[in-house]
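Q: got a predicted structure plus its sequence, pasted below:
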Amino acid sequence: MKSYKQRGYENRIELLQGTLDLMILQTLQWGPRHGYGILQAIRTGSGDVLQVETGSLYPALHRLERKKWIKAEWTVSENNQKVKSYQLTAAGKKQLAAERSNWERLTAAMAGILNPTEGA
């Protein structure tokens, strides 16, 4: 049987993976990108607050590809190098919409806790 601490840690990992999945899907909504382009888009889009490590990105990309939410193909980059480019699939677009809805519900719930209205 797992201890409370172990279960809490696992839940935290799941939340982080889900958040990373959402960020990747959202980034690919703007068009196909290779791994480094995804990292840059997340970093830039977050105002340099979020730094995703390649050790987290590529397992997430492979997981999303297995779920058929993204597809990958080899392309040639601006630097004339062969790179794997990822793009959102139709199933990925549906998943992105669902994930965004869940995220909006979560942020609204958190806002209700962090900023309760008077008299509540």
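A: On my side now, so go ahead.
Q: for whichever strand or helix holds Ala108, buried residues please.
A: Assigned by DSSP states H and E, Ala108 belongs to helix 90-114. For helix 90-114, burial by neighbour count (16 or more other CB atoms under 10 Å) applies to Gly92, Gln95, Leu96, Glu99. The C-beta positions use only the backbone N, C-alpha and C, and glycine is treated the same way.
Q: closest one to Val52 out of those residues, please.
A: The closest of those to Val52 turns out to be Glu99 (CB to CB; 16.4 Å).
Q: got phi/psi on Thr89?
A: phi -100, psi 170 (degrees, to the nearest 10).
Q: name the nearest residue to it, ignoring sequence neighbours.
A: In space, and not counting its chain neighbours, Thr89 is closest to Lys71: 5.5 Å by CB to CB, 6 or more residues apart in numbering.
Q: re earlier: need the contact partners of the helix holding Ala108.
A: With contacts defined as CB atoms under 8 Å, 6 or more residues apart in numbering, helix 90-114 is touched by 18, 21-22, 25-26, 28-29, 64, 67-70, 88.
Q: and what of stretch 29-49?
A: Here stretch 29-49 has contacts from 23-24, 27-28, 50-52, 54, 57-58, 61, 75, 77, 83-88, 93, 96, using CB under 8 Å, 6+ apart.
Q: make it 7 Å
A: Residues from elsewhere that reach stretch 29-49 (CB atoms under 7 Å, 6 or more residues apart in numbering): 23-24, 27, 50-52, 57-58, 61, 77, 83-88, 96.
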